[in-house]
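Peer 1: Mind looking at a prediction? Sequence and model below.
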Amino acid sequence: MPQRRSHVAPSAAQSELADALAELRRSIDAPTEFSAEALAEAKTVTAPTPELDLRDVPFATLDPKGSRDLDQAFHLATSREGFEVRYAIADVPAFVRPGGALDAAARERGQTLYAADDSIPLHPRALSEDRASLLPDVERPALVWTFALDDTGTVTEFRLERARIRSRAQLDYESTQRALDAGEESPAALLCEIGERRIALEEARGGASLNMPDEEVVQHDDGTYGIERRTPLLVEEWNAQLSLMTGMAAASLMLDAKVGVLRTMPEPDADAFETFRRQTEALGRPWRSGEYGEYLRSLDRDDPLTLPVLEAAATLFRGAGYVTFDGTVPADVTQAAIAAPYAHATAPLRRLVDRWSLAICLAVSQGDEVPTWARESLDELPGLMQASGQRASRLDADTINRVEAALLSPLVGRQVEATVIELRNGGDRAAVQIAEPAVTASAPIPVGTKPGTTVRLRVVAADIAKGEVEFAPV
């Protein structure tokens with residue numbers, strides 16, 4: 001599996017980095033503390049007990065190791081026609097009272113923010129990591145989607161209903177991938193069959209909802225920080241297909257009812273495609289023909305250049321947003337990467353908009369009136385989510401910039417080799433990829449340098465507190 005790691009060794013730079021990251025989290029434009037009223041509500045609010053009892057169904061969760069905010073649990077089975085998928089979602093709408101302190105706090109935040117040294121949760125941890133989380137071996141209220149799939153993975157029927165569930169296992173990606181590779185028994189045993197069928201259907205639609213490479217700051221056991229860039233495991237891609245299938249079902253319910261909120265994304269334009277083509281040529285893996293989704297799926301996962309190619313493909317997946325509607329369906333309802341209408345409806349513990357999607361979908365699925373609170377506040381959602389998305393993007397970028405500055409600080413005054421990925425500023429600057437340490441940066445280059453060229457740069461300065469690095473061409 002293509003993977004790159006860079007590690008900031010214990011040093012004065014490491015200490016400075018820890019201070020810089022702590023200050024960054026304190027300075028982020030987001031509330032970091034909950035009111036006493038919100039904290040009290042999170043600890044005392046009681047969700048109604050659903051009539052439907054699915055506690056005998058052996059649900060399981062699948063998340064990064066150590067996760068506590070568990071939004072989804074699944075149960076997979078074969079059927080005469082193909083498969084049955086039960087997908088349980090944490091019933092956050094049952095816990096959050098419209099107009100209450102929890103509701104107000106969540107609207108302020110929009111989503112959970114993940115910093116290098118901690119997270120800033122959407123809801124108090126008493127709710128998001130305990131009382132509403134689908135933790136194993138405890139009874140929880142959930143919103144359960146039940147899907148009937150034929151042998152091709154096509155959804156032939158689905159429904160959404162409230163139920164009591166009890167998850168039996170908390171799986172993590174790495175150990176589950178090892179178990180599946182070894183042919184061991186697992187609650188996720190059918191995930192490959194279902195996931196691959198769903199991926200084939202997506203490819204036939206012209207979609208390319210790939211799990212893009214992760215670039216994240218990690219804190220090691222010794223307290224040091226580093227950057228890891230990795231291609232998601234196959235089990236992560238299969239698991240993502242369950243969420244995408246659910247989001248498509250949610251979108252269809254809301255479109256049929258002519259009320260709801262969709263996640264949309266335009267098709268990449270010609271300039272984005274041309275930039276990506278140049279990047280693939282520079283990396284020695286040129287995309288010359290076929291759909292971009294077909295090209296990306298054809299990449300060899302064991303090829304060390306697959307990771308930077310997928311990182312470059314991120315330029316194609318831009319412009320996503322939310323569109324709300326009530327009474328009239330919008331003209332453009334497609335999410336281009338999925339090649340279908342889609343809604344966020346599977347992560348209500350960590351994302352505000354999902355609570356609206358789930359409340360509306362439940363009402364439509366059960367033949368009830370859409371809750372007044374959801375209808376009346378629909379128009380607020382795009383702005384709230386855009387603001388929270390911008391905060392998350394700034395936090396991610398500023399965190400990585402500070403860690404990259406710390407990685408390069410021991411090299412100030414020395415030379416490094418870098419590959420030119422994309423020309424900028426008329427050609428006298430470029431996005432460059434440094435192999436060791438694994439850092440992507442902007443640097444001045446000689447005019448006329450082409451993408452794919454290896455250049456030598458001198459590290460002039462590295463300001464960890466600001467996350468700024470200065471280079472000079474050699």
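Peer 2: Everything's here; your move.
Peer 1: what residues are up against the residue lying closest to residue 35 once chain neighbours are set aside?
Peer 2: Spatial nearest neighbour of residue 35, excluding adjacent residues (Cβ to Cβ, 6 or more residues apart in numbering): residue 101 at 5.9 Å. All C-beta atoms are positioned from the backbone trio N, CA, C, and that covers glycine. Contacts for residue 101 (Cβ atoms under 8 Å, 6 or more residues apart in numbering) come out as 35, 37, 38, 40, 41.
Peer 1: want to throw those into CSV with distance to residue 299 and secondary structure?
Peer 2: Supplementary listing: those in CSV, determined by distance: Cβ to Cβ, whole Å; DSSP: H, G, I helix; E, B strand; the rest coil:
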residue, distance to residue 299, secondary structure
35, 48, coil
37, 51, helix
38, 45, helix
40, 51, helix
41, 48, helix
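Peer 1: Filter the residues you listed down to the buried ones.
Peer 2: Neighbour-count burial (16 or more other Cβ atoms under 10 Å) applied to the contacts of residue 101 gives 38, 41.
Peer 1: I'd like the contacts of residue 101 written out as JSON lines, with pLDDT and distance to residue 340 added.
Peer 2: Conversion of those to JSON lines gives the following (pLDDT from 0 to 100; distance: Cβ to Cβ, whole Å):
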{"residue": "35", "pLDDT": "97", "distance to residue 340": "40"}
{"residue": "37", "pLDDT": "98", "distance to residue 340": "41"}
{"residue": "38", "pLDDT": "98", "distance to residue 340": "37"}
{"residue": "40", "pLDDT": "98", "distance to residue 340": "42"}
{"residue": "41", "pLDDT": "97", "distance to residue 340": "37"}
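Peer 1: Hmm, residue 249 is touching residue 155, no?
Peer 2: Yes. In this structure, residue 249 is within contact of residue 155 by Cβ atoms under 8 Å, at 6.7 Å.
Peer 1: tally of neighbours for residue 420?
Peer 2: Using other Cβ atoms under 10 Å, the number of residues around residue 420 comes to 20.
Peer 1: Tell me the confidence at it?
Peer 2: We have a pLDDT of 85 for residue 420.
Peer 1: gap between the residue nearest to residue 35 and residue 289?
Peer 2: The spacing between residue 101 and residue 289, counted by Cβ to Cβ, to the nearest Å, is 56 Å.
Peer 1: Next: residue 434.
Peer 2: Taking Cβ to Cβ as the criterion, residue 434 is separated from residue 289 by 31 Å.
Peer 1: before we move on, what about residue 68?
Peer 2: As defined by Cβ to Cβ, residue 68 lies at a distance of 46 Å from residue 289.
Peer 1: So for the two, which residue has more residues nearby?
Peer 2: Of the pair residue 68 and residue 289, residue 68 is the one with more neighbours under other Cβ under 10 Å, namely 14 against 7.
Peer 1: any idea which element the more buried one lies in?
Peer 2: With secondary structure defined by DSSP states H and E, residue 68 is part of neither a helix nor a strand.
Peer 1: And the residue nearest to it when sequence neighbours are not counted, its phi and psi?
Peer 2: Of all residues not flanking residue 68 in the chain, residue 129 sits nearest, at 3.7 Å (Cβ to Cβ, 6+ apart). Per-residue torsions, residue 129: phi -110, psi 10 (degrees, to the nearest 10).
Peer 1: Check residue 318 too.
Peer 2: Note on residue 318: its backbone torsions stand at phi -120, psi 160 [degrees, to the nearest 10].
Peer 1: who touches it in this structure?
Peer 2: For residue 318, the contact set (Cβ under 8 Å, 6+ apart) comprises 265, 268, 272.
Peer 1: Can you tell me which helices and strands the strand or helix carrying residue 170 packs against?
Peer 2: Taking DSSP H and E as the criterion, the element that holds residue 170 is strand 169-172. Secondary structure elements in contact with strand 169-172, counted by 3 or more Cβ pairs under 8 Å, 6 or more residues apart in numbering; DSSP states H and E, are strand 60-63.
Peer 1: Now do the strand it packs on, average pLDDT.
Peer 2: Confidence over strand 60-63 (mean pLDDT, whole number) is 98.
Peer 1: With just CA atoms, put that strand into CSV.
Peer 2: Listed next in CSV are the C-alpha coordinates belonging to strand 60-63 (Å, rounded to 0.1, in the frame of the first residue of the first chain):
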residue,chain,number,x,y,z
ALA,A,60,-21.0,-4.0,14.0
THR,A,61,-19.2,-0.7,13.6
LEU,A,62,-16.1,0.0,11.4
ASP,A,63,-14.0,3.1,12.1
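Peer 1: Can you list the buried residues in the helix or strand that comes right after it?
Peer 2: Note on strand 60-63: by DSSP H and E, the next helix or strand toward the C-terminus is strand 72-78. When burial is assessed from 16+ other Cβ under 10 Å, strand 72-78 yields the following buried residues: 72, 73, 74, 75, 76.
Peer 1: mind listing what residue 137 touches?
Peer 2: Going by Cβ under 8 Å, 6+ apart, residue 137 touches 166, 167, 168.
Peer 1: Out of those, who's the most crowded?
Peer 2: With neighbours taken as other Cβ under 10 Å, the top of these is residue 167, carrying 28 neighbours.
Peer 1: Report the contact partners of that residue.
Peer 2: The neighbours of residue 167, taking Cβ under 8 Å, 6+ apart as the test, are 59, 60, 61, 70, 73, 88, 134, 135, 136, 137, 138, 140.
Peer 1: and if we set it to 7 Å?
Peer 2: 59, 60, 61, 73, 134, 135, 136 (Cβ atoms under 7 Å, 6 or more residues apart in numbering).
Peer 1: Could you list the domains of this structure?
Peer 2: What the record gives for the chain is the domain set 3-266+319-406, 271-316, 412-473, from automatic domain parsing.
Peer 1: rank those domains by pLDDT, which is bottom?
Peer 2: Lowest mean pLDDT within the domains of the chain: domain 271-316, a mean of 82.
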